[in-house]
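Participant: predicted model and sequence below, questions to follow.
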Amino acid sequence: MIRNKLKSILYMPQWVAHSASLILIFGWILIYPMHGFLLHYLFGSNAYLLGHVFTASHGLGLVALGLLPIYVLRNTLLVKLAGFAIFIFTFIWTILPVNSYIQYSICTLLGFISAYLVLIWACGFHFNKYPELTVGFAMAFTNIILGLVVFEYTQPETLPKVITSLTGLGPLFGAFYLARPKPIAEPQLILEEPGKNKTIMYTFLGIAILSSFAYFSGGLWYRAVLPLFYLKMPELIGIESFVYALSVLILAFFSNKYSFYWVGTIGLSMLGVGLATSISGLESSIEVTITLSFLAIGFGAIDLFYWLILRKLSTFLGYQKAFGLGLGLSLFFITAPGIAIDTGILKNPLLNPVLSIIGACLLFLINPLLVYLLRSLSLFSASEKILATLTDKLTATRDDQIPTAKLPEYFIRLTKAEKKVYDLICKGHTDVEIASSLFISRHTVKFHARNIFKKAGVSNRKELLANLSGNRDEDKRYPSGKC
């Protein structure tokens, strides 16, 4: 009884818990290894290079690991080991002497391991009922944590080294949440309407354009413009994190109620205004504050829009591929300006106002193009919701409520897991696709398939579909061309 009461007190909605796990992982990434203030506090002038190494390895890890099958990624033991590895390596990395060559190796490992945890999180994000609120709360509270750490960093007594070495506890706790036992996920929605390939191509192109313009501008801002703000008004250090958090929360609530498609255009417009005004002088505190607010709101809107677009794209490509390629691409573009400025390849944009203004104007010019390229996704929204509703109804239907007269006689003898595999077989999915959709291995799929064939009195999939196609007029549950 006490245990049940404790569970009821500690209960939180699934989307809140899922958001909290991302906060634990991303909070560690942003305050420490990815050019975080703790990194600069501990490593001084060497921090920029270490930050670039971590970001590059994190991005490469997202792309490389995103190509793996889903059942390989979703290994409970691997997820827990990844959390422990981040905690241990963070501790060792922090206490090692500065400029140690081992630090670069550990930094690279931390980048790859953290990319793995982010992909694991993204796999569950696809099935989240409140995606706008989930990612919005995660981004907002992560930046609140970042702002608080920055504020503490600017005080006379900064965070001690021992506390910094224990920041890896965040990803460890997040990994244990992600590794918890889960029910078998529902089949991934794969739309069959004409024009799906065109939609994928346009979405890819739209994401590439959005990444190149928005996140390249973001890299210039973080590396060249933001230090100027801090130099002019040190009291504003960290305030952009709180503005970012507030704007993301507001946009997340509106996106959840209406639609998130308009958030991208708002983000690009805010970035264009902010970058244009940032090179116009910024002589007064009011100008600095307003410009900083425009940029923070713009990046908040872009980040929210980008994650939700990747979730939409995962409907076609799969969760790990969509987020692996998309997030890896964004990290490349946001890191490239900093590397180019640090190595002298690219001059500070503040030294050439004309080019900076042209770049800001381009953010406005790609707005119509972005809307055009991503418009086809909205055309599939209605059909996707219908498919999701039908899927929920099918899985929620009890066995004794299934109209057995319209189903094969052996259907009622199938187990719950076999029915899931049976449904996907009838929709023409391969073993690999079924394994990816249900988060199981191919061997498990083959095991269930053999049991289905045995109960159906057939020897292979071809005979199963042939028998069903003869009864398709009687059984309306499946598409006429397959079952």
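Facilitator: Yes, it's here.
Participant: give me the domain ranges for the chain.
Facilitator: 12-185, 187-382, 397-469 (automatic domain parsing).
Participant: in CSV, list these along with mean pLDDT.
Facilitator: Listed next are the domains of the chain as CSV, based on pLDDT from 0 to 100:
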stretch, mean pLDDT
domain 12-185, 84
domain 187-382, 74
domain 397-469, 76
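Participant: save those domains as a markdown table, and put in mean neighbour count too.
Facilitator: Every C-beta, even on glycine, is put in place using the N, C-alpha and C of the backbone. Below are these laid out as a markdown table (neighbours: other CB atoms under 10 Å):
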| stretch | mean neighbour count |
| --- | --- |
| domain 12-185 | 19 |
| domain 187-382 | 19 |
| domain 397-469 | 16 |
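Participant: so what secondary structure elements neighbour the helix or strand hosting residue 432?
Facilitator: Take DSSP states H and E as the rule and residue 432 turns out to sit in helix 431-438. Applying 3 or more CB pairs under 8 Å, 6 or more residues apart in numbering; DSSP states H and E, one finds that helix 431-438 makes contact with helix 70-73, helix 416-426, helix 442-456.
Participant: for the next helix or strand after the first one, packing partners?
Facilitator: Pointing back at helix 70-73 there. Once the chain leaves helix 70-73, the next helix or strand it forms, by DSSP H and E, is helix 76-95. Here helix 76-95 touches helix 101-125, helix 161-165, helix 169-178, going by 3+ CB pairs under 8 Å, 6+ apart.
Participant: by contact count, what packs against the first one?
Facilitator: Based on contacts counted as 3+ CB pairs under 8 Å, 6+ apart, the elements that helix 101-125 packs against are helix 14-31, helix 47-65, helix 70-73, helix 76-95, helix 131-153, helix 169-178, helix 285-317, helix 319-343.
Participant: and for the shortest one?
Facilitator: Judged by 3+ CB pairs under 8 Å, 6+ apart, the packing partners of helix 161-165 are helix 37-43, helix 76-95.
Participant: residue 103 is nearest to which of these?
Facilitator: Nearest to residue 103 among the helices and strands packed on helix 161-165 is helix 76-95 (6.0 Å), distances taken as CB to CB.
Participant: could you dump the helices and strands packed on helix 431-438 to CSV with distance to residue 166?
Facilitator: Output for the helices and strands packed on helix 431-438, formatted as CSV (distance: least, CB to CB, whole Å):
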stretch, distance to residue 166
helix 70-73, 27
helix 416-426, 41
helix 442-456, 39
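Participant: pull the contacting residues for residue 211.
Facilitator: Residues in contact with residue 211, defined by CB atoms under 8 Å, 6 or more residues apart in numbering, are 306, 326, 329-330, 332-333.
Participant: from these, which is closest to residue 260?
Facilitator: Checking these one by one against residue 260 (CB to CB), the nearest turns out to be residue 306, at 10.2 Å.
Participant: okay, the closest one and residue 263: tell me how far apart.
Facilitator: Using CB to CB, to the nearest Å, one gets 9 Å for the distance from residue 306 to residue 263.
Participant: circling back to that earlier point, to residue 227, which of the helices and strands packed on helix 431-438 lies closest?
Facilitator: Nearest of the helices and strands packed on helix 431-438 to residue 227, taken as CB to CB: helix 70-73 at 38.0 Å.
Participant: CA atoms only: put the closest one into CSV for me.
Facilitator: Extracted in CSV, the C-alpha atoms of helix 70-73 (Å, rounded to 0.1, in the frame of the first residue of the first chain):
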residue,chain,number,x,y,z
ILE,A,70,16.7,0.2,-34.4
TYR,A,71,16.8,-3.1,-32.6
VAL,A,72,20.6,-2.8,-32.3
LEU,A,73,20.3,0.7,-30.7
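Participant: can you list contacts of that helix?
Facilitator: Residues contacting helix 70-73 (CB under 8 Å, 6+ apart): 65, 116, 119-120, 123, 318-320, 435-436, 439-442.
Participant: please repeat the previous calculation with a cut-off of 10 Å.
Facilitator: Surrounding helix 70-73, the residues in contact under the criterion CB atoms under 10 Å, 6 or more residues apart in numbering are 65-66, 78-79, 116, 119-120, 122-123, 185, 188, 318-321, 324, 432, 435-445.
Participant: so how far is residue 33 from residue 169?
Facilitator: 15 Å.
Participant: just the strands in the stretch 151-300 of the chain please.
Facilitator: Using DSSP state E, counting those that start in this stretch, no strands are found in the stretch 151-300 of the chain.
Participant: sorry, back to before: among the helices and strands packed on helix 161-165, which is nearest residue 457?
Facilitator: helix 76-95 (36.4 Å).
Participant: does residue 337 touch residue 226 like I think?
Facilitator: No. Distance between residue 337 and residue 226: 12.0 Å, which falls outside the contact criterion (CB atoms under 10 Å).
Participant: overlap in contacts of these two?
Facilitator: Here residue 337 and residue 226 have residue 220 as joint contacts, going by CB under 10 Å, 6+ apart.
Participant: now the helix holding residue 432 - C-alpha only, PDB.
Facilitator: Extracted in PDB, the C-alpha atoms of helix 431-438 (Å, rounded to 0.1, in the frame of the first residue of the first chain):
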ATOM      1  CA  ASP A 431      11.400  -8.800 -41.800                       C
ATOM      2  CA  VAL A 432      13.800  -5.900 -41.400                       C
ATOM      3  CA  GLU A 433      11.000  -3.300 -41.500                       C
ATOM      4  CA  ILE A 434       9.000  -5.300 -39.000                       C
ATOM      5  CA  ALA A 435      11.900  -5.600 -36.700                       C
ATOM      6  CA  SER A 436      12.500  -1.800 -36.900                       C
ATOM      7  CA  SER A 437       8.900  -1.000 -36.300                       C
ATOM      8  CA  LEU A 438       8.400  -3.300 -33.300                       C
END
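Participant: just want the angle from it to helix 416-426.
Facilitator: 130 degrees (axes from the mean of the first three to the mean of the last three CA atoms, to 10 degrees).
Participant: ok, residue 142 - contacts?
Facilitator: Counting by CB under 10 Å, 6+ apart, the residues that residue 142 touches are 19, 22-31, 241, 244-245, 248.
Participant: 6 Å - rerun?
Facilitator: By CB atoms under 6 Å, 6 or more residues apart in numbering, the residues touching residue 142 are 23, 26-27.
Participant: go on, residue 80?
Facilitator: If you count contacts by CB under 6 Å, 6+ apart, then residue 80 has 175, 179 around it.
Participant: check residue 321 too.
Facilitator: Counting by CB under 6 Å, 6+ apart, residue 321 makes contact with residue 66.
Participant: how about 8 Å then?
Facilitator: 66-67, 314.
Participant: do the same with residue 260
Facilitator: 132, 304-305, 308.
Participant: kindly recompute the last result at 6 Å.
Facilitator: 132, 308.
Participant: next: residue 422.
Facilitator: Residues near residue 422 by CB under 6 Å, 6+ apart: residue 452.
Participant: any idea how far residue 14 is from it?
Facilitator: 27 Å.
Participant: again, but for residue 446
Facilitator: 31 Å.
Participant: now for the helices and strands packed on helix 161-165, which one comes closest to residue 107?
Facilitator: Of the helices and strands packed on helix 161-165, nearest to residue 107 by CB to CB is helix 76-95, at 6.9 Å.
Participant: now do the closest one against helix 101-125, angle only.
Facilitator: Using the same axes, to 10 degrees: helix 76-95 against helix 101-125 is 140 degrees.
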